[in-house]
Structure formats: structure tokens, C-alpha cells
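A.B. asks: I would like the atomic coordinates for the input below:
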Amino acid sequence: MKKSILFVCLGNICRSPAAEAVMRQKIEAAGLADQISVDSAGTYGGHAGEAPDGRMRRAAANRGYRLNHAARRITSDDFERFDLIVVMDNANYDDVYDRAPSPEATEKIHTLAEFFQKSDTDHIPDPYYGGADGFERVLDLLEDGTQGLLEFLQL
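C.D. replies: As a prediction, this is how the structure comes out:
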């Protein structure tokens, strides 16, 4: 049975579309594209329809990731469509938890930090208001967390 993962951040223009792209590349490299699907969304709908932030696209492209997602807001249907909803920080967790339509739906919500193998932080920081180094740090954390998530899914 195919597993589906939704990555969620605030605006769906930096962290979650990058997580989607990093995870998609790992899934394809592992030959699991027919077994795992990914998407991303935001808790805030103000960027709906927009491309990912240009700074994140450039940083990701330098590592070989292509971000071609159009931002969207998480919907109640997402709790039905996805097996796992993976958020970037505790504020995202609280927002998604509050939107969950049932206690069972809340069990699908995880932070990406739960899957870190090397990193020693409890969240993926939002790089939007910082410099280029923030986007690089986010990609480092996403690579770590998505690798751990992929290994978790293969158990």
C-alpha cells in the first residue's frame, strides 16, 4: 500500500516545498516512487498559488533539488488523503493539531525533528527573514530529517 506524506510549514514557500523536493529525490533514488508520495502545504494561505521563495529555490538548486510546487493551504481533506503530516516547528504542529477533524487525525501529525539522525535541534527554523546561511541550514536539517523519515517508512 502506497504511503503518502504531507510536509507543512507556515507559508508553504520555503521549508515545506524544500522538504517535499528533498524527500522526493530520496524516494526516487531508493526506487520507492511507486510506494511513497509527497506533497506540501502551509498553515497560512496568503501565498497560495505562488512559487517557492527564490532564495530557497536557488539554495536547493545548488544541491540538485528542484522546487516546482505552487503554495497552498492545508485543508481538512488532507487529513484523509495523507498517512503522515510532517510539520517543521512547534507552531506549525499546534496549528495543524487544532485543524485536525478527529483524535485519530492528530495521530498522523509529527515534527520532522522526530526523524533527525544527526541534528540537535527540535525544529526547522524559518529562513524567510534571514540571510542565505539560513536557507543552507534549513537544507542541512531537511536532508537529515528526510533521511530518517525514509528509513522509518522502510521498517
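
A.B. asks: please name the residues that touch the nearest residue to Asp95 once chain neighbours are set aside.
C.D. replies: Once flanking residues are discounted, Asp95 sits nearest to Thr43: 4.1 Å by CB to CB, 6 or more residues apart in numbering. The C-beta positions use only the backbone N, C-alpha and C, and glycine is treated the same way. When contacts are counted by CB atoms under 8 Å, 6 or more residues apart in numbering, Thr43 is found next to 8-10, 73-74, 92, 95-96, 99.

A.B. asks: list the residues that contact Ser138.
C.D. replies: One thing to correct before we go on: residue 138 is Val, not Ser. Here Val138 is in contact with 14-15, 18, 56, 59, 124-125, 127 (CB under 8 Å, 6+ apart).

A.B. asks: neighbour count, distance to Gln25 and secondary structure for the residues you listed - can I get that in CSV?
C.D. replies: Putting these into CSV (neighbours: other CB atoms under 10 Å; distance: CB to CB, whole Å; DSSP: H, G, I helix; E, B strand; the rest coil) gives the following:
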residue, neighbour count, distance to Gln25, secondary structure
Cys14, 29, 17, coil
Arg15, 34, 16, helix
Ala18, 33, 11, helix
Met56, 24, 15, helix
Ala59, 23, 14, helix
Ile124, 31, 17, coil
Pro125, 14, 22, coil
Pro127, 22, 20, coil
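
A.B. asks: ok, which stretches of the chain are strands?
C.D. replies: Counting by DSSP state E, the segments of the chain that form strands are 3-9, 36-42, 84-87, 109-111.

A.B. asks: which of those sits closest to Leu150?
C.D. replies: Across the strands of the chain, Leu150 has its closest neighbour in strand 36-42 (7.9 Å, CB to CB).

A.B. asks: quick one: contacts of that closest one?
C.D. replies: By CB under 8 Å, 6+ apart, the list of residues contacting strand 36-42 reads 2-13, 16-17, 19-20, 23-24, 27, 69, 71-75, 78, 82, 150, 153.

A.B. asks: and that strand, how far from the chain's centre?
C.D. replies: Centre-to-centre, strand 36-42 and its host chain are 7 Å apart (CA atoms, centre = their mean, to the nearest Å).

A.B. asks: now swap in stretch 41-60 and tell me
C.D. replies: Using CA atoms, centre = their mean, the offset of stretch 41-60 from its chain centre is 12 Å.

A.B. asks: kindly report the same for stretch 105-123.
C.D. replies: For stretch 105-123, the separation from the chain centroid amounts to 11 Å (computed by CA atoms, centre = their mean).
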